[in-house]
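A.B. asks: Turn this into a model:
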Amino acid sequence: MASTMTILGIPGSLRAASYNRAALRAAAELVPEGAIVEIFDLAGIPPFSQDDEQSPPAKVVEFKQRIRAADAILFSTAEYNYSIPGVLKNAIDWASRPYGDSAWGGKPAAVIGASIGGLGTARAQYHLRQVMVFLNMHALNQPEVMIGHASKKFDDSGTLTDEDTRAHMAKMLASLVEWTRRLSR
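C.D. replies: Sure thing, here's the model as predicted:
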């Protein structure tokens, strides 16, 4: 592991004003010293087709390279229809293919999510954790960060203003950094 730990932040939404993108920006501010969060934009990754997996588009190649170069992954997922957004599942599928060339294997990971609803993406986060089992990722179990009623916790510019949520996210990020260090020994 490099002297500076790189956490690749992956938003599960393409929307520019997404609370989940804003949550990743907050994570970049709250990450412990010695670690950084780099956000990867999923825009431009086409729908997955097994016909194209042997010669993936440049954006997919870049995505897999960024995953492999990262020390850990931080997903920030929206919740659509009780599950993860299609754009996130699509990107996960691309980075896991072709069979035998998954970029995810062995990566420490954490999941956060923000929603205007009260559950703060709980169902989507648990579905994503199921996917991570097959991908052989090492999910951080606790603390969990589920930001419910996000419209009251972020200001109009997308800044996370709720101090309790900021403190809880900082604690989760410190745990992810420690988890990643323990797994790299």
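A.B. asks: quick one, what contacts Ile84?
C.D. replies: Gly12, Thr77, Ala78, Ala124, His127, Leu128, Val131 (C-beta atoms under 8 Å, 6 or more residues apart in numbering). (Each C-beta comes from the backbone N, C-alpha and C, glycine too.)
A.B. asks: Contacts for stretch 87-98, please.
C.D. replies: Under C-beta under 8 Å, 6+ apart, the answer for stretch 87-98 is 10, 12-14, 42, 45, 47-48, 50, 53-54, 56, 60, 63-64, 67, 75, 77, 102-104, 128, 131, 135.
A.B. asks: mind running it again at 7 Å?
C.D. replies: For stretch 87-98, contacts defined as C-beta atoms under 7 Å, 6 or more residues apart in numbering pick out 12, 14, 42, 45, 47-48, 53-54, 56, 60, 63-64, 67, 77, 102-104, 131, 135.
A.B. asks: re earlier: narrow the contacts of Ile84 to those in helices?
C.D. replies: Counting by DSSP state H, those place Ala124, His127, Leu128, Val131 in helices.
A.B. asks: which one of those residues sits closest to Ser175?
C.D. replies: Checking the ones in helices among the contacts of Ile84 against Ser175 with C-beta to C-beta, the nearest one is Leu128 at 17.5 Å.
A.B. asks: hang on, the closest one packs against Ser76?
C.D. replies: No: if you go by C-beta atoms under 7 Å, Leu128 and Ser76 don't touch, sitting 10.3 Å apart.
A.B. asks: Neighbour count for these two, which is higher?
C.D. replies: Legend: neighbour count by other C-beta atoms under 10 Å for Leu128 and Ser76, higher for Ser76 (31 against 24).
A.B. asks: what's the pLDDT at that one?
C.D. replies: The confidence metric pLDDT takes the value 98 at Ser76.
A.B. asks: residue contacts, the nearest residue to it once chain neighbours are set aside?
C.D. replies: Spatial nearest neighbour of Ser76, excluding adjacent residues (C-beta to C-beta, 6 or more residues apart in numbering): Asn20 at 4.2 Å. Taking C-beta under 7 Å, 6+ apart, we find Asn20 in contact with Pro11, Gly12, Ser13, Ser76, Thr77, Ala78, Gly113, Ala114.
A.B. asks: okay if I get those as TSV plus distance to Arg181?
C.D. replies: Formatted as TSV, the contacts of Asn20 follow (distance: C-beta to C-beta, whole Å):
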residue	distance to Arg181
Pro11	25
Gly12	26
Ser13	29
Ser76	22
Thr77	25
Ala78	29
Gly113	24
Ala114	27
